[in-house]
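Colleague: Dropping a prediction and its sequence here:
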Amino acid sequence: MGILRSLEIWKLGTVNYLQALKLQEKLVSDRKARKISDTLLSLQHPPTYTLGKRRTDHNLLLPEQDLKNIGAELHYTERGGDITFHGPHQAILYPIISLRDIGVGARKYVEKLELTMIEMAYLYGVKAHAGQTGETGVWVGDRKIGAIGVRISSGITSHGLAFNVDPDLSYFKHIVPCGIADKGVTSLRRETDMVLPAEEVIQEQLISCFAKVFGFSDIVWKDEASSNPSRGTTKTLNNILLSNDKQY
């Protein structure tokens, strides 16, 4: 009989990028101290551009002061990867998990994130694949459908993946997505012939793909007492952030 691996799911809805970043930092600290089990945040962001630790500002194609005119923010992060966009109708997963506990190295971790999105696309008849050397993420032909940018600290992960369900793709015109100039961007809605269900269903399917790929067999919702897991979790998020302000 295999090891029973537990994963706690937090469904957060739409969360400001800096709030989500602060929450990740708190949870990473707690995971390092073994105060919490492996945790997966499922959420969306308002229109936001993020740069990785390489600070490739040249891949932002409009002046930073003009971002407000298109309703977007820009944030600098310590994750790997190049510039990317997050926004409504994009399914985001931020795993806070111990790679040491599951016996996975950094490269294999990224490959498993890619496989998570490949399996998600397959559910809707879309043949996606990992990129070529230097092209992290998931592609349909030469069009990117899923981005990956991760940080690993003392074996604990943060940041993660973003899968394009049906975002406004015009936002990608203002950047060189992931620093790759000669490739396009696509979405599940553009690529599938199937009718898409509600986005909450798609997000739960993505969570299931993640759990399957990483071998988590015991899935625990953050608020099991509620018929709507995200309702109680959002309240918990606010409480944690307030508590974090007091502690640091």
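Modeller: Nice, thanks for sending it over. Keep in mind the model is a prediction, meaning the values are calculated, not measured.

Colleague: Would you map the helices across this structure?
Modeller: Taking DSSP state H, the helices of the chain run over residues 17-32, 99-102, 106-122, 188-191, 199-214, 229-247.

Colleague: strands paired with the strand ranked longest in the chain, and their directions?
Modeller: As assigned by DSSP state E, the longest strand anywhere in the chain is strand 143-153. Using DSSP bridges, strand 143-153 pairs in its sheet with strand 138-140 (antiparallel), strand 156-164 (antiparallel), strand 184-185 (parallel).

Colleague: now these in TSV, with mean neighbour count, distance to residue 86 and mean pLDDT?
Modeller: For the C-beta atoms, the positions are set from N, CA and C on the backbone; glycine is no exception. Listed next are these as TSV, based on neighbours: other C-beta atoms under 10 Å; distance: least, C-beta to C-beta, whole Å; pLDDT from 0 to 100:
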stretch	mean neighbour count	distance to residue 86	mean pLDDT
strand 138-140	24	16	96
strand 156-164	24	6	97
strand 184-185	18	13	92
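
Colleague: do you know which of those lies nearest residue 197?
Modeller: strand 156-164 (14.6 Å; C-beta to C-beta).

Colleague: Now do the same contact list for the residue nearest to residue 106 when sequence neighbours are not counted.
Modeller: Nearest residue to residue 106, sequence neighbours excluded (C-beta to C-beta, 6 or more residues apart in numbering): residue 152, at 5.8 Å. By C-beta atoms under 8 Å, 6 or more residues apart in numbering, the contact list for residue 152 reads 99, 106, 109, 158.

Colleague: okay, the second one: pLDDT?
Modeller: Same thing as residue 106. We have a pLDDT of 95 for residue 106.

Colleague: What is the burial count for it?
Modeller: Using other C-beta atoms under 10 Å, residue 106 has 13 neighbouring residues.

Colleague: can you check the first one too?
Modeller: Applying the criterion other C-beta under 10 Å, we find 18 residues in the vicinity of residue 99.

Colleague: who touches it in this structure?
Modeller: So residue 99 contacts 105-106, 109, 152, 155-157 (C-beta under 8 Å, 6+ apart).

Colleague: what's the closest of those to residue 146?
Modeller: Nearest member of the contacts of residue 99 to residue 146, counting by C-beta to C-beta, is residue 109, at 15.0 Å.

Colleague: Between the two ends of stretch 163-176, what distance do you get?
Modeller: 17 Å (C-alpha to C-alpha, to the nearest Å).

Colleague: Report the distance from it to the chain centre.
Modeller: 15 Å (C-alpha atoms, centre = their mean, to the nearest Å).

Colleague: And it, what's buried?
Modeller: 163-167, 169, 171-172, 174-176 (16 or more other C-beta atoms under 10 Å).

Colleague: where does this protein have low pLDDT?
Modeller: Across the chain, the ranges flagged by pLDDT under 70 are 1-2, 54-55, 80, 177-181, 223-248.

Colleague: nearest to residue 215, of the strands paired with strand 143-153?
Modeller: Among those, strand 156-164 sits nearest to residue 215 (C-beta to C-beta), with 15.0 Å.

Colleague: Taking helix 199-214 as reference, get the angle to that closest one.
Modeller: Strand 156-164 runs at 130 degrees relative to helix 199-214, counting by axes from the mean of the first three to the mean of the last three C-alpha atoms, to 10 degrees.

Colleague: Alright, that wraps it up for me.
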